[in-house]
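K.L.:
sequence and predicted structure below; questions after.
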Amino acid sequence: MSLPNTVRLVEVGPRDGLQNEATPVPTAVKLELIDLLQNAGLKTIEATAFVSPKWVPQMADNAQVMAGLKRHPDVNYPVLVPNLKGLEAAIAAGASEVVVFGAATESFSQRNTNCSIQEGLARFAAVARQALDQGIRVRGDISVCLGCPYEGAVPTSAVVNVALALEAMGCYEITICDTIGSGTAGNTQAAFEAVAKHIPMTRLAGHFHDTYGQAVTNIYAALECGVATFDSSISGLGGCPYARGATGNVATEDVLYLLNGLGIHTGVDMTRLIAAGDYICQILGRPTLSRAARALSAKASPASTH
């Protein structure tokens, strides 16, 4: 199969990457990170989430983040919204794109949103309706498509059902998410091919965690299917609070290294990207989880002598 010539990277580090950090990250740091990422050439950056600060205290400064953005005219700053209250706050803060989400299993839906799949989708249908009426684009994410921490293997029919519901809401793009990072190349392709029987592959995106070290492999498998949009997180930041052992999102640097090696255009500059990763990792006080960033930084450093 021929691979896409161009891939769009959706940077989720400032939102999905930071939301589970126990220590509050200052608003100024989040804004600097977003600025470094857009200066590296990323055109879609998840800025924040309009969720209850009781449940996600790290996102309590959502309005301040949106107000402080150094907006580039060609960059999108989608925000996550869980309900109409969140949407109203996002609209007030100047959001032009929102992300809604559903789960492919009942158990995960109950743990993540305290409601059934259908109840969650009905809630998001109302959100999507109001957003679209306001001229705001809506993107839809589907959690645990390639494995659930409570139910194990997930049938592709379950993924298709949620994708069709998001399609009916008017989502311009639907993301197949491997939330716990248990997916393989085989079930990655099976999920995308099943959904693509109903929704064009050009409107599908991939979101992979690297728990089992398969994220880059799964991205290549999705590329073979024709997928040309992928979520990733600077330095591999992030995790899933509802999935024990799940590690961070696939590192943006590692995805870029793969795509550069395939000659696929992204418009993202690796040197600037690594600098953005270095910045946030220094703030958080831990090393990057990106293997590509570690290797390229070591290669660029003068050899030490002993």
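P.N.:
Looks like it arrived, so ask away. Quick caveat, the model's predicted, so the values are computed rather than measured.
K.L.:
could you list the low-pLDDT ranges of this structure?
P.N.:
Residues of the chain that meet the criterion pLDDT under 70 lie in 1, 239-247, 302-306.
K.L.:
how about 50 then?
P.N.:
Within the chain, the ranges that satisfy pLDDT under 50 run 242, 304-306.
K.L.:
strands of that one, start to end?
P.N.:
For the chain, the strands defined by DSSP state E occupy 8-11, 44-45, 48-49, 79-80, 97-103, 137-143, 173-178, 204-208, 229-232.
K.L.:
which strands border the fifth one, and is each parallel or antiparallel?
P.N.:
Strand pairing for strand 97-103, using DSSP bridges, gives strand 79-80 (parallel), strand 137-143 (parallel).
K.L.:
output the ones you listed as JSON lines; include the columns mean neighbour count and distance to residue 51.
P.N.:
Using the backbone N, CA and C atoms, a C-beta is placed for each residue, glycine as well. Shown next, in JSON lines, are the strands paired with strand 97-103 (neighbours: other CB atoms under 10 Å; distance: least, CB to CB, whole Å):
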{"stretch": "strand 79-80", "mean neighbour count": "26", "distance to residue 51": "7"}
{"stretch": "strand 137-143", "mean neighbour count": "24", "distance to residue 51": "14"}
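K.L.:
residues contacting residue 158?
P.N.:
Contact analysis of residue 158 by CB atoms under 8 Å, 6 or more residues apart in numbering lists 104, 105.
K.L.:
picking up where we left off before, out of the strands paired with strand 97-103, the one nearest residue 153 is which?
P.N.:
The minimum distance between residue 153 and the strands paired with strand 97-103 falls on strand 137-143, with 14.9 Å, by CB to CB.
K.L.:
turn the strands of the chain into TSV, including distance to residue 220.
P.N.:
Formatted as TSV, those follow (distance: least, CB to CB, whole Å):
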stretch	distance to residue 220
strand 8-11	15
strand 44-45	21
strand 48-49	29
strand 79-80	27
strand 97-103	25
strand 137-143	21
strand 173-178	14
strand 204-208	10
strand 229-232	11
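K.L.:
and the ones you listed, which is most packed in?
P.N.:
Stretch with highest mean neighbour count among the strands of the chain: strand 48-49 (a mean of 28; mean count of other CB atoms under 10 Å).
K.L.:
from what I can see residue 101 touches residue 142, true?
P.N.:
Yes. Counting by CB atoms under 8 Å, residue 101 touches residue 142, with 7.3 Å between them.
K.L.:
where's the residue lying closest to residue 185 once chain neighbours are set aside relative to residue 34, distance?
P.N.:
Of all residues not flanking residue 185 in the chain, residue 221 sits nearest, at 3.8 Å (CB to CB, 6 or more residues apart in numbering). Residue 221 sits 30 Å away from residue 34, taking CB to CB, to the nearest Å as the criterion.
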